[in-house]
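J.: coords below, sequence missing:
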Ligand SMILES: C=C(OP(=O)(O)O)C(=O)O
Ligand SMILES: [Mg+2]
């Protein structure tokens with residue numbers, strides 16, 4: 001083995017495969033002049049690159065099918081636009097290199113599109129993608145975006161945005177390694193949803209050479225570069241042992257003395273449902289509906305399209321509980337038609353419920369679609385709002401649900417410290433709470449969840465975060481209402497026991513974590529969980545809190 005790198009393990013399991021980098025934005029090619037006799041050869045290079053990129057887009061479209069096919073075919077047509085081609089030829093004839101000519105011709109076309117009103121302006125991103133592909137091909141550098149590969153690989157990226165994830169082929173991605181991001185970043189959440197091992201906040205990930213074999217241990221956070229055969233075997237053996245141990249545990253979530261803690265799944269749409277059912281999820285604790293909105297940057301999906309997606313998820317859990325979160329746009333999940341572009345600090349700006357209250361038509365459309373989707377189904381529908389700050393927010397959301405005629409329980413996510421501190425007041429308006437520990441950590445520690453350098457402060461074991469969880473859970477207990485956790489904290493098996501000890505009533509997580517949490521919970525009594533929670537809260541740091549809880553639960 002060459003070396004072992006250490007980051008933060010965020011999704012269990014081991015992946016061994018070749019590293020493939022997520023291509024970054026294409027650099028501007030230098031504006032150097034070519035001699036007149038080189039022009040024909042450059043023009044031919046440009047034509048070949050355009051044809052190759054167009055053919056590749058069409059081929060990807062054929063593989064993807066559905067709406068993706070239409071988008072990719074439209075991109076292929078953009079690449080072959082005759083006016084653009086003529087402009088590229090002209091620029092080369094007067095001395096540009098092929099890559100520079102493509103770059104400049106697309107820039108001119110881009111400016112025209114951007115001025116041409118809403119619909120065409122929305123195609124600018126597609127045009128940029130086409131340009132980047134052609135320029136990358138001419139420069140001989142990796143294609144931007146998701147790697148083009150027909151063999152499984154380990155994806156290396158700076159970080160992943162929700163929009164990138166739509167293009168990933170889960171059959172090809174063995175695991176993730178990212179340089180940025182913390183345990184609650186989208187890369188981590190996506191890895192858990194796909195059930196692939198992942199390590200985030202790994203300094204130097206960007207320098208791993210393309211094609212190097214890496215072994216990613218998503219439990220320990222270690223990434224071995226060029227592991228030997230013996231090391232590969234040892235890693236695979238340890239991972240198989242861990243897997244066998246958790247597969248032994250079955251049934252609903254409960255402590256060893258029978259205190260029930262329903263284990264629910266976090267899903268982003270119907271595609272995540274099979275894994276949730278297979279893991280034995282007792283329902284859905286967080287349906288992140290924003291993934292349905294990513295297909296079109298201009299407008300909300302039609303009500304019919306929403307009804308279809310919601311219904312597919314609701315139908316998968318007959319008699320079960322499904323908690324749908326209304327759209328959480330803004331900050332790390334921007335949507336151009338809803339999110340202001342000029343906010344100096346989007347995480348503290350108009351996002352989540354704030355966005356929806358500014359766009360009541362979007363909220364009403366979503367609530368009506370949910371009401372229709374649930375019609376005639378025996379499912380137990382709950383609907384909650386993201387980023388509730390206080391009682392006024394909770395009331396506005398409950399009023400909107402009533403206005404839409406929704407027959408469901410209304411709840412509030414607790415992901416802003418003010419909502420945790422005044423949980424009792426929020427509960428005067430809604431029937432349940434769900435702790436979003438990812439954002440709650442971000443706002444409690446003033447630590448951006450997308451920045452790897454502050455991942456220490458994103459650690460959900462920090463006693464200050466546990467105090468806020470306890471405050472909210474106690475308030476819900478006093479009101480006779482439920483208080484779950486749907487942030488990534490719930491997917492850490494040891495922390496799941498501590499959360500149970502703090503009074504949390506359900507745990508929702510990426511499907512792949514459910515067996516691990518179920519197995520750990522089944523080993524301890526409720527009283528042990530409560531003692532572990534008290535020991536963790538008495539500590540002064542995240543690592544100390546973890547060690548203290550571990551000591552109690554292992555009987556030291
Ligand atoms: C569950 C949460 O919401 P998201 O990660 O989608 O922001 C959270 O903030 O903990
Ligand atoms: Mg959140």
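T.: Noted; the coordinates are in hand. Being a predicted model, the structure only gives us computed values, none of them experimental. Ligands and ions are numbered 1, 2, ... in the order given.
J.: can you pull the buried residues of the helix or strand where residue 72 lies?
T.: Following DSSP states H and E, one finds residue 72 within helix 66-79. Buried residues in helix 66-79, defined by neighbour count with 16 or more other C-beta atoms under 10 Å: 69, 72-73, 75-76, 78-79. (C-beta placed from N, C-alpha, C; glycine too.)
J.: now it: mean pLDDT?
T.: For helix 66-79, mean pLDDT rounds to 76.
J.: outside of stretch 302-312, which residues touch it?
T.: The contact list for stretch 302-312 (C-beta atoms under 8 Å, 6 or more residues apart in numbering) reads 269-270, 273, 287, 289, 292, 300-301, 324, 365-366, 368-370, 372-374, 377.
J.: return the subset of those residues lying in strands.
T.: Among the contacts of stretch 302-312, the members found in strands (DSSP state E) are 287, 324.
J.: buried among the contacts of stretch 302-312? Need that as a selection in ChimeraX.
T.: Those of these that count as buried under 16+ other C-beta under 10 Å are selected in ChimeraX with:
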select :269,270,273,287,289,292,300,301,324,365,366,368,369,370,372,373,374
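J.: among the contacts of stretch 302-312, name the ones in helices.
T.: Secondary structure from DSSP state H places 273, 365-366, 368-370, 372-374 of the contacts of stretch 302-312 in helices.
J.: off-centre distance for the helix holding residue 72?
T.: Offset of helix 66-79 from its chain centre (C-alpha atoms, centre = their mean, to the nearest Å): 25 Å.
J.: how about the helix or strand just after it: buried residues?
T.: Sequence order places helix 82-93 as the next helix or strand after helix 66-79, per DSSP H and E. By 16+ other C-beta under 10 Å, the buried positions in helix 82-93 come out as 84-85, 87-89, 91-92.
J.: tabulate these (TSV), appending pLDDT and distance to residue 505.
T.: Output for the buried residues of helix 82-93, formatted as TSV (pLDDT from 0 to 100; distance: C-beta to C-beta, whole Å):
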residue	pLDDT	distance to residue 505
84	91	59
85	93	62
87	94	63
88	95	62
89	94	67
91	94	65
92	95	67
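J.: and which of those residues is nearest to residue 313?
T.: Using C-beta to C-beta, residue 84 is the member of the buried residues of helix 82-93 that lies nearest residue 313, at 42.3 Å.
J.: let me see the contact set for that closest one.
T.: Taking C-beta under 8 Å, 6+ apart, we find residue 84 in contact with 78, 105-106, 109.
J.: identify, from those residues, the entry nearest to residue 383.
T.: Sorting the contacts of residue 84 by how near they are to residue 383, with C-beta to C-beta, puts residue 78 at the top with 40.0 Å.
J.: now do the closest residue to that closest one other than its chain neighbours against ligand 1, distance only.
T.: Nearest-residue entry for residue 78: residue 130, 5.1 Å, with adjacent residues in sequence omitted and distances by C-beta to C-beta, 6 or more residues apart in numbering. In this view, residue 130 and ligand 1 are 31 Å apart by C-beta to the nearest ligand atom, to the nearest Å.
J.: residue 130 reaches residue 53, doesn't it?
T.: Yes - with contact defined as C-beta atoms under 8 Å, residue 130 reaches residue 53; the gap is 6.8 Å.
J.: what sits in contact with each of those two?
T.: Shared contacts of residue 130 and residue 53 (C-beta under 8 Å, 6+ apart): residue 79.
J.: coming back round to it: a markdown table please, covering the buried residues of helix 82-93 and showing distance to residue 517.
T.: Shown next, in a markdown table, are the buried residues of helix 82-93 (distance: C-beta to C-beta, whole Å):
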| residue | distance to residue 517 |
| --- | --- |
| 84 | 53 |
| 85 | 56 |
| 87 | 58 |
| 88 | 56 |
| 89 | 61 |
| 91 | 59 |
| 92 | 60 |
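J.: now do the helix or strand encompassing residue 42 and helix 66-79, the angle between them.
T.: Counting by DSSP H and E, the element that carries residue 42 is helix 39-64. Between helix 39-64 and helix 66-79, the angle comes out at 170 degrees (axes from the mean of the first three to the mean of the last three C-alpha atoms, to 10 degrees).
J.: roughly how far is helix 39-64 from the heart of the chain?
T.: What separates the centre of helix 39-64 from the centre of its chain is 32 Å, taken as C-alpha atoms, centre = their mean.
J.: swap in stretch 470-481?
T.: On the basis of C-alpha atoms, centre = their mean, stretch 470-481 sits 29 Å off its chain's mean C-alpha point.
J.: average model confidence for that stretch?
T.: On average, stretch 470-481 scores 98.
J.: in it, what's buried?
T.: 470-473, 475-476, 479, 481.
J.: quick one: pLDDT of the residue of the stretch 201-350 of the chain found nearest ligand 1?
T.: The nearest approach of the stretch 201-350 of the chain to ligand 1 comes at residue 288, 5.3 Å away (C-beta to the nearest ligand atom). pLDDT recorded at residue 288 is 94.
J.: check the one 5 residues further on too.
T.: On pLDDT, residue 293 comes in at 86.
J.: which residues does it contact?
T.: 300-301, 327, 329, 335.
J.: and these, which is closest to residue 38?
T.: residue 335 (45.7 Å).
J.: what distance do you get for that closest one to residue 285?
T.: Applying C-beta to C-beta, to the nearest Å, the value for residue 335 to residue 285 is 23 Å.
J.: equivalent analysis for residue 224, please.
T.: According to C-beta to C-beta, residue 224 stands 35 Å off from residue 285.
J.: and these two? which has more neighbours close in?
T.: Between residue 224 and residue 285, counted using other C-beta atoms under 10 Å, residue 285 has the larger neighbour count: 27 against 21.
J.: could you pull up phi and psi at the more buried one?
T.: phi -100, psi -20 (degrees, to the nearest 10).
J.: how close does the closest residue to residue 33 other than its chain neighbours sit to ligand 2?
T.: In space, and not counting its chain neighbours, residue 33 is closest to residue 95: 4.4 Å by C-beta to C-beta, 6+ apart. Using C-beta to the ion, to the nearest Å, we find residue 95 at a distance of 53 Å from ligand 2.
J.: what's near enough to touch residue 95?
T.: By C-beta under 8 Å, 6+ apart, the residues touching residue 95 are 33-34, 36, 39.
J.: adding neighbour count and distance to residue 20, write those out as JSON lines.
T.: Below are these laid out as JSON lines (neighbours: other C-beta atoms under 10 Å; distance: C-beta to C-beta, whole Å):
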{"residue": "33", "neighbour count": "11", "distance to residue 20": "36"}
{"residue": "34", "neighbour count": "17", "distance to residue 20": "33"}
{"residue": "36", "neighbour count": "10", "distance to residue 20": "40"}
{"residue": "39", "neighbour count": "18", "distance to residue 20": "36"}
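J.: would you mind giving those residues as CSV with pLDDT and distance to ligand 2 added?
T.: Listed next are these as CSV, based on pLDDT from 0 to 100; distance: C-beta to the ion, whole Å:
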residue, pLDDT, distance to ligand 2
33, 87, 52
34, 91, 52
36, 90, 59
39, 93, 55
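J.: mind giving me the packing neighbours of the helix or strand containing residue 239?
T.: Using DSSP H and E, residue 239 maps to helix 229-247. If you count contacts as 3 or more C-beta pairs under 8 Å, 6 or more residues apart in numbering; DSSP states H and E, helix 229-247 packs onto strand 14-21, strand 213-217, helix 514-521.
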